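Participant: Prediction below, plus the sequence it came from.
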Amino acid sequence: MLSVPASQAPIITVDGPSGTGKGTICSYLADWLQWHFLDSGALYRVLALAAEKYGISSDDEAALVNLAKNLNVEFKVAEAGSLVNVELDSMTVTDEIRTETCGNAASVIAPIAEVRQALLSRQRAFHQSPGLIADGRDMGTVVFPDATLKIYLTASAEERAKRRYKQLKEKGINANLRDLSAAIAERDERDSTRAASPLKPAEDAIVIDTSTLDIDAVLVNISELVRNTVPGLQK
Ligand code: DC
């Protein structure tokens, strides 16, 4: 059964594993269109950080569900677009949630179906006029099944590990390519084999493999898709 959207504002979902260029593409789209931006991964990361802060173990499902229901998280956007400051309990955690450790911890608690359920309405609340860019793993399959345009980005695990390695080096963070590759493969396996909302393209998603494309080529390709798909866009 089709669910009725909260508003008629268009939604573009961008799903896929990390290292495919999703974040860059979503920021670009949100800026270009001046739409709202949901970084759903940040929500799972904040939950993982909060669990650590409150000493909740990753196998204490009841406590994690309770935490997800009461999570005091805020995404403070300077203006419509992509500049988002993330707060947990009124403390800025924007950078803290970006570590590999936090990403992996998020992936470990993300399979709990009740946790996902608890985060659903928070995610859907981002659907507001003039439109929404939703970045994640299950945006097109579960959270916004009626989205206007669904994009699924993929890239080889090797290429994604290289990109992540470069990113970390640029930030002055020490990293080892082999360890990164192993962590990425493990996280992919966990995200795509879980029973609740596994990482996979929606049936009506457009799949783009970015392994051999640079970011500009992907942006040109996606901008064209957006122009051809979103009705009434004056861009
Ligand atoms: O996109 P990311 O790397 O910030 O996401 C971190 C983890 O959160 C990811 O490995 C799995 C989980 N996640 C999820 O299960 N569903 C989403 N929509 C987004 C992220």
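Facilitator: Sure thing, it's come through. Numbering: from 1, shown residues only.
Participant: Can you give me the buried ones in the helix or strand hosting Val86?
Facilitator: In this structure, Val86 is located in strand 84-88 according to DSSP states H and E. Residues Val84, Val86, Leu88 are the ones in strand 84-88 that count as buried (16 or more other CB atoms under 10 Å). (Glycine included, C-beta is placed from N, CA and C.)
Participant: got it, and stretch 94-104?
Facilitator: The neighbour-count criterion (16+ other CB under 10 Å) identifies Ile97, Arg98, Glu100, Cys102, Gly103, Asn104 as the buried residues of stretch 94-104.
Participant: ok, now stretch 224-235?
Facilitator: For stretch 224-235, by 16+ other CB under 10 Å, it's Val226, Val230.
Participant: And the residue of this structure that's closest to the ligand?
Facilitator: Proximity of the chain to the ligand (CB to the nearest ligand atom) peaks at Gly41, 2.2 Å away.
Participant: Okay, now the unreliable bits of the protein?
Facilitator: 1-6, 78-83 (pLDDT under 70).
Participant: And the strands in it, which stretches?
Facilitator: 11-15, 36-39, 73-77, 84-88, 91-92, 132-136, 149-154, 206-209 (DSSP state E).
Participant: could I get those as TSV with distance to Arg45?
Facilitator: Formatted as TSV, the strands of the chain follow (distance: least, CB to CB, whole Å):
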stretch	distance to Arg45
strand 11-15	16
strand 36-39	9
strand 73-77	10
strand 84-88	8
strand 91-92	14
strand 132-136	12
strand 149-154	19
strand 206-209	24
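Participant: can you tell which of these is closest to Glu52?
Facilitator: Ranking the strands of the chain by distance to Glu52, with CB to CB as the measure, places strand 84-88 first at 10.6 Å.
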